[in-house]
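Asks: Here's my sequence, what's the structure:
(one chain, ligands or ions: 1)
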Amino acid sequence: MRIDILTLFPDLIHSVIKESIIGRAIESGKVEINVINFREYSTNKHKKVDDYIFGGGAGMLISVQPIYDCLQAINKSVNTKVLLTSPRGVTFNQEKAENLAHEEHLIIICGHYEGIDERVSEYLVDEEISIGDYVLTGGELAALIIVDAVSRLVPDVLNKADSHINDSFSTKLLEYPQYTRPAEYMGMKVPDVLMSGNHKEIETYRLKESIRITYKRRPDLLSKYQLNKQESKLFKEIITEEQKTVEKE
Ligand code: ADE
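Replies: You can find the predicted model right below:
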């Protein structure tokens, strides 16, 4: 997969993508990321990229010209998808990440706190994406979140042990709790069943705890999830157990 990121803050992007799993994915050629400072495409003699707002209003807006020219300079295919990070966009989620991971070429334009000339979104962009209902100072962090969530889904970016198959949201239930050694630390104990070596019981425990944590933290996800026979039985047990805990409190 190739991703081109258009930004006024390339160092911010570089500082993150060189690390860890994404860094390794780039090194091994599984993901290619080009970071482009679109200021370089400004035709203004001072390399200015913003201007006053038609009709008045506080502040400045990023002009269409440097972004247009920068996009023109990028090698595209018929399948290139151009994204703009913006709090106005559709909310990013795992399903969106999975869909984007199938694309061969993404271009992500990092929005800016001042705003961008509307013609960018109207004529040059396929989709505006928001990472949540809050306003950031710029789109770089949003672009990095999209790049991270999408890159890890590209085939062979994660090794088998880190596989995304059991991810929360991929399976539509939140992930069950996991523990590592020591089995007891400062009085804090790992559940006995995980020490039992009984794989069937461990599997059932994990499924049950996945349902429990989803029920407690994200009932909206659980209500969309189709429980099978075994899961319904576990869910009934959870309801009884949770009621007992409430009564005790
Ligand atoms: N730019 C500013 N806020 C943003 C958000 N929530 N998502 C994406 N881009 C943004």
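Asks: How about residues contacting stretch 205-219?
Replies: Stretch 205-219 has contacts (CB atoms under 8 Å, 6 or more residues apart in numbering) with 171, 173-177, 191, 193-194, 221-222, 225, 227, 230-231, 234-235, 237-238, 242. C-betas here are computed from N, CA, C, even on glycine.
Asks: tell me which residues in stretch 113-128 are buried?
Replies: In terms of neighbour count (16 or more other CB atoms under 10 Å), stretch 113-128 has its buried residues at 115-117, 120-121, 124-125, 128.
Asks: swap in stretch 210-224?
Replies: For stretch 210-224, using 16+ other CB under 10 Å, the buried residues are 210-215, 218, 222.
Asks: distance between the ends of it?
Replies: 15 Å (CA to CA, to the nearest Å).
Asks: go on, stretch 111-122?
Replies: For stretch 111-122, the end-to-end distance is 14 Å (CA to CA).
Asks: for stretch 96-112, same thing?
Replies: Taking CA to CA as the criterion, the two ends of stretch 96-112 lie 22 Å apart.
Asks: Flag every buried residue along that stretch.
Replies: In stretch 96-112, counting by 16+ other CB under 10 Å, buried: 96-97, 100-101, 103, 105-112.
Asks: Considering only those, which also neighbour the ligand?
Replies: G111 (CB under 6 Å from any ligand atom).
Asks: Identify, from the buried residues of stretch 96-112, the entry nearest to the ligand.
Replies: Distance to the ligand across the buried residues of stretch 96-112 (CB to the nearest ligand atom) is lowest for G111, with 4.9 Å.
Asks: Make TSV out of the buried residues of stretch 210-224 and add distance to the ligand.
Replies: TSV is the format used below for those (distance: CB to the nearest ligand atom, whole Å):
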residue	distance to the ligand
S210	29
I211	31
R212	31
I213	26
T214	25
Y215	28
R218	20
L222	26
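Asks: Just name the closest of those residues to C70, please.
Replies: R218 (39.5 Å; CB to CB).
Asks: coming back round to it: so of the buried residues of stretch 96-112, which ones are in helices?
Replies: Of those, the ones assigned to helices by DSSP state H are 96-97, 100-101.
Asks: I13: which of these is nearest?
Replies: Nearest to I13 among these, counting by CB to CB, is L100 at 17.1 Å.
Asks: Return the residues of this structure in contact with the ligand.
Replies: Residues of the chain lying near the ligand (CB under 6 Å from any ligand atom): 85-87, 111, 130-132, 134-136, 139, 142.
Asks: again, only this time at 8 Å
Replies: Listed as neighbours of the ligand in the chain under the rule CB under 8 Å from any ligand atom: 85-87, 89, 92, 110-113, 129-139, 141-143.
Asks: Narrow those to those in helices?
Replies: 141-143.
Asks: Scan those residues and report the most crowded one.
Replies: A143 (28 neighbours; other CB atoms under 10 Å).
Asks: contacting residues around that residue?
Replies: Contacts of A143 by CB under 8 Å, 6+ apart are 5, 7, 13, 85, 108, 110.
Asks: and with 6 Å instead?
Replies: 5, 85, 108, 110 (CB atoms under 6 Å, 6 or more residues apart in numbering).
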